[in-house]
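Trainee: sequence unknown, structure follows:
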């Protein structure tokens, strides 16, 4: 299983807030299953983003770093269906590569794991725990 580390609150927005595009400066050849890893950093810019605030059901922002956010763990599995530069999603940032995500499955009990840059391989023991929670075959 491949994974991508995303800083919160963006990782939360993918797992639970309906964020269907991950913006990156470059694309990837990978397509298919992609674990979403919530990195340890907190993005203050993201916490003040109106899309994040709306997804959280909050009327004023910015979001505070609180118990709803998990850090250093796999929080969801999605399907990376394509990488484009012209997505019409409200989550797509101009000038970025838009990694199109579908079929996002949040993990009920996030699985602690060290993250990496770029797309990386999930360690076999972590993958087994993630797959067991989602009822997926190894």
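Mentor: Arrived safely, thanks for sending. All of these numbers come straight from a predicted model, not from anything done at the bench.
Trainee: From one end of stretch 64-80 to the other, what's the distance?
Mentor: Taking CA to CA, to the nearest Å as the measure, stretch 64-80 stretches 29 Å from start to finish.
Trainee: Give the other helices and strands that the lowest-mean-pLDDT helix or strand in the chain contacts.
Mentor: When each helix and strand of the chain is scored by mean pLDDT, DSSP states H and E, helix 50-55 comes last, with a mean of 92. Judged by 3 or more CB pairs under 8 Å, 6 or more residues apart in numbering; DSSP states H and E, the packing partners of helix 50-55 are helix 10-16. Yep, even glycine has a C-beta here, placed from its N, CA and C like the rest.
Trainee: so what does the helix it packs on touch, helix or strand wise?
Mentor: Packed against helix 10-16 by the contact rule (3+ CB pairs under 8 Å, 6+ apart) you find strand 32-42, helix 50-55, strand 73-84, strand 97-112.
Trainee: now that helix, how far from the centre of its chain.
Mentor: Its chain's average C-alpha position is 5 Å from that of helix 10-16, according to CA atoms, centre = their mean, to the nearest Å.
Trainee: can you offset everything so residue one is 54?
Mentor: Fine by me, first position is 54 from now on; the one you just mentioned is helix 63-69.
Trainee: and the very next helix or strand once past it, which strands flank it?
Mentor: Proceeding N to C from helix 63-69, the next assigned helix or strand is strand 74-77, under DSSP states H and E. Strand pairing for strand 74-77, using DSSP bridges, gives strand 150-165 (antiparallel).
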